[in-house]
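Visitor: coordinates only, sequence not included:
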């Protein structure tokens, strides 16, 4: 077998071998450090996250957690995040087969977390009972969206609506008002809408399911085709939608997670958020992976995010508290108050009527998922040009 | 080794003066080519012709060729490639002619400025266009605010936008190829033609055209392949029905195995097409065709004042267009919250601070990896060029073909081939090669190797053999001769070739994006990450830094190489 290996003779390979030796040496050193402190310590000194929640939010959350660990345990915590889209993160965790390289999976749909729990890839969440009980079981009517797993494998961390966004100056110039889904079909918005394709973005996918649930399969697709006729761009990534709307390239964005758009406001752009009827609200579920390399830090992270301090991080970034206990509030001109203005006055999702027609049992099905994507590709993406022309 | 010896024995003349060390070096070059070029490509083809379980099949290709959508992407890609070749030909050739044949004020400056557009940071280069020419770009805002337009003009969103960007980015490649080819035409031929009454169009058709064809064809091939392999530009302007975009989009999602396989199949198709184009163009683009290498001094004609004005305004116009992305990027990298105004209202340094001081790793990694790749390029490329110009070793024809093949290979294809080829740990190692940072400089080196080889080869042909023979006749060894005689004479060519390799390595963003290793991101990856993370301003700031670095390198090249700068593209 060794004879077969020609590559070892090249110079470059020698470099690799040297590097490899260094890695081994570091790993051995690391092992000693770790084993020296591992037993008695209340918390590990490292923590890894795998998440579709973008840097806008996971970065400050990790920084605040590190500071909290320093204060509480006097440990210098090294944190790191693997930013992956929801389906990719899910695939990666399954691929790890119980030997994960991350501690916590954060964000996406509850249904995926249920699937992971069924495969025995999650640990039960360990947080104080009072904290667990504060979080309602579901939100929304007529169908309640679960905010935590009755079996205890995952828990919601924050409320995040997938809504509509617009560039106020541009919308005014067009003479259009945006209050609900139907306004998107206004002929004046022709070519002005930006959306991400549902096969590449879970927020877009969930919003398509909301439309299909509201109108039924046939009429729902008809509605979505008319939306496509008004659509100027299908972006490759959901994060591109707020980027192009904030720049004024397009007037309206569809199915945008509130915090992604609010990040643009914090960056100095002018952009507004609309929470349309029955829009999907995700609890951004969080779970500890079974066999996590740093389980203590993992459970501590969840607990931290559910404290008032943790919830504040969300409230200052366009997200909403997971319990009725807190409201988005701050000094005039603060980020929290800007966020309230941004959503036209919403301070808590427990203050307003939350409609929900999205049924996780229907939409969570694997076959249904690929059916929706396939239909989109055949009937909308490939016919987009014809749809614009009005056939 | 014994096998090679038996091959060598019947032809002692070829191997007679090859020492064991030389033999070993030649072997190492071949190992490099086999491991890092041939094997990944074979692996890519193997994957595309098998099922997930390894059974041989052509079903994957059937899927592709029976799907109307994929067929449309194939046609779109071909149409876009051909259209770009046409537009760049018109602009590139016109500029090459003006620069070479005529004298007018600012000619020297123009000859430097017209190669600058080659530097285009991925993704944000297009964003730069969008900031100025987009629906809410400077031009449209001015038209609406001051000229009463009610609807923005759509310059960018659609295939025509991609064509615009690719044209203004790639015409310098064409100019360089033509400049190089025309530089090799002896003026005596021109005079001969004129003495028998051949002038103007007739002379162009009979003399100039046939002699510049090789340069033109290789330039056209480069432009075509570049456009063909670019997936980032179309995505920014909302176009995804192109081959490269589909390959990328299908590969980066790991969930749907059928789509993933399709990504591999599309890459294989792109590589096959590239090889096909190369075979068609082979007659013209072989390195061996450097027949006359005395760069002739062309007498430039002085233009009449009116014609001067025409020449200057034509080039000025093209340059203004080609510099649009730079303007857009600079404005966006300093402007805060810039939207719906012709120019930013507030300015800040925070984006540069973030990319240059808070996270300098992108810049450092870029310089480091591109530097290492240039070292590899020289270590492999200079011997290859030397073997081709100075020896009759068997296999050098194949080396020539392989080097030329690299030029034609789409980066997306190479990236995906590497992903498949090096994903399992090699013997003796626990980590797969795609998990190690060294893979990045290696793939950069492989992709940019032809520039070093060509630069060196061209210089070697100019150095007369007799210098070396003189040294050898007084007892100098081959390596010694190379070091003391040849190298001092060719270092410029090697350096120019290497600098090109360096610039192109700096902005490579197809293979490296697919092979990105966490913690070892280059600038292009940083641009991509910032961009998809929504921090467009930071991405723009990194883009500006990349442009400045590239322009500095080009300036040095221009100084060193003068009119010969096209040599590496010949």
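Guide: Nice, thanks for sending it over. Fair warning: this is a prediction, and the values are worked out from it, not measured in the lab.
Visitor: measure residue B:328 to residue B:238 for me?
Guide: From residue B:328 across to residue B:238, the span is 18 Å (Cβ to Cβ, to the nearest Å). Just so you know, the C-beta spots here come from the backbone N, C-alpha and C atoms, and that holds for glycine as well.
Visitor: Of those two, give the one with the bigger neighbour count.
Guide: Using other Cβ atoms under 10 Å in any protein chain shown, the more surrounded residue of residue B:328 and residue B:238 is residue B:328, with 26 against 22.
Visitor: Now do that one against residue B:537, distance only.
Guide: Distance of residue B:328 to residue B:537, computed by Cβ to Cβ: 12 Å.
Visitor: Mind jotting down where the strands sit in the stretch 201-350 of chain B?
Guide: Counting by DSSP state E, counting those that start in this stretch, the stretch 201-350 of chain B has these strands, from start to end: B:301-302, B:335-336, B:346-347.
Visitor: residue closest to the middle of the chain?
Guide: Picked chain A for this. What sits nearest the mean C-alpha location of chain A, by Cα atoms, centre = their mean, is residue A:53, with 3.8 Å.
Visitor: My question was about chain B, not that one.
Guide: Taking Cα atoms, centre = their mean, the centroid of chain B lies closest to residue B:504, which sits 6.0 Å from it.
Visitor: Find me the pLDDT at it, would you?
Guide: For residue B:504, the model assigns a pLDDT of 85.
Visitor: Quick one: residues contacting residue B:307.
Guide: Residue B:307 is in contact with B:102, B:104, counting by Cβ atoms under 8 Å, 6 or more residues apart in numbering or on different chains.
Visitor: got it, and the one 5 residues further on?
Guide: Taking Cβ under 8 Å, 6+ apart as the definition of contact, the neighbours of residue B:312 are B:104-106, B:110.
Visitor: For residue A:50, which three-state class applies?
Guide: For residue A:50, the assignment made with DSSP: H, G, I helix; E, B strand; the rest coil gives strand.
Visitor: looking at it, it is touching residue A:104, isn't it?
Guide: Yes: counting by Cβ atoms under 8 Å, residue A:50 touches residue A:104, with 7.4 Å between them.
Visitor: How about chain A: which residue is closest to chain B?
Guide: residue A:268 (2.9 Å; Cβ to the nearest Cβ).
Visitor: That residue belongs to a helix, doesn't it?
Guide: No: judged by three-state DSSP, residue A:268 forms no part of a helix; its state is coil.
Visitor: That one and residue A:247: what is the separation?
Guide: The gap separating residue A:268 from residue A:247 is 12 Å, by Cβ to Cβ.
Visitor: Over to residue B:431?
Guide: As judged by Cβ to Cβ, residue B:431 and residue A:247 stand 41 Å apart.
Visitor: more neighbours, the two?
Guide: Applying other Cβ under 10 Å to residue B:431 and residue A:247 shows that residue A:247 carries more neighbours, namely 25 against 13.
Visitor: Comparing the strands of the stretch 201-350 of chain B, which stretch has the densest surroundings?
Guide: Counting by mean count of other Cβ atoms under 10 Å in any protein chain shown, strand B:335-336 has the highest mean neighbour count of those, with a mean of 18.
Visitor: Give me the contact list for that one.
Guide: With contacts defined as Cβ under 8 Å, 6+ apart, strand B:335-336 is touched by A:267-268, B:343-348, B:350, B:537.
Visitor: mind running it again at 6 Å?
Guide: With contacts defined as Cβ atoms under 6 Å, 6 or more residues apart in numbering or on different chains, strand B:335-336 is touched by A:268, B:344, B:346-348.
Visitor: before we move on, what about stretch B:359-378?
Guide: With contact meaning Cβ under 6 Å, 6+ apart, stretch B:359-378 is reached by B:440-441, B:444-445, B:448-449, B:452, B:498, B:501-502, B:505-506, B:520-523, B:526.
Visitor: Around chain B, which positions in the stretch 251-391 of chain A sit nearby?
Guide: Residues of the stretch 251-391 of chain A found near chain B (Cβ under 6 Å from any Cβ of the partner chain) are A:263, A:268-269, A:382.
Visitor: May I ask which two of the residues you listed are separated the most?
Guide: A:268 and A:382 (38.1 Å; Cβ to Cβ).
Visitor: More neighbours: those two, which one.
Guide: Shown here are residue A:268 and residue A:382; by other Cβ under 10 Å, residue A:268 has more neighbours (17 against 14).
Visitor: I figured that one hits residue B:337, correct?
Guide: Yes: counting by Cβ atoms under 6 Å, residue A:268 touches residue B:337, with 2.9 Å between them.
Visitor: List the neighbouring strands of whichever helix or strand residue A:288 is part of plus their orientation.
Guide: Assigned by DSSP states H and E, residue A:288 falls within strand A:285-289. Using DSSP bridges, the strands paired with strand A:285-289 in its sheet are strand A:104-106 (antiparallel), strand A:122-123 (antiparallel), strand A:155-156 (antiparallel).
Visitor: remind me which residues of the chain are low pLDDT?
Guide: Chain wasn't specified; assuming chain A. A:1-40, A:391 (pLDDT under 70).
Visitor: should've been chain B
Guide: Scanning chain B for pLDDT under 70 picks out the ranges B:1-18, B:183-187, B:253-255, B:283-299, B:429, B:518, B:561-570.
Visitor: What residues of the host helix or strand of residue B:81 count as buried?
Guide: Per DSSP H and E: residue B:81 is located in helix B:68-101. Residues B:70, B:73-74, B:76-77, B:80-81, B:83-85, B:87-89, B:91-100 are the ones in helix B:68-101 that count as buried (16 or more other Cβ atoms under 10 Å in any protein chain shown).
Visitor: same question, stretch A:114-123
Guide: Going by neighbour count (16+ other Cβ under 10 Å), the buried part of stretch A:114-123 is A:114-117, A:121-123.
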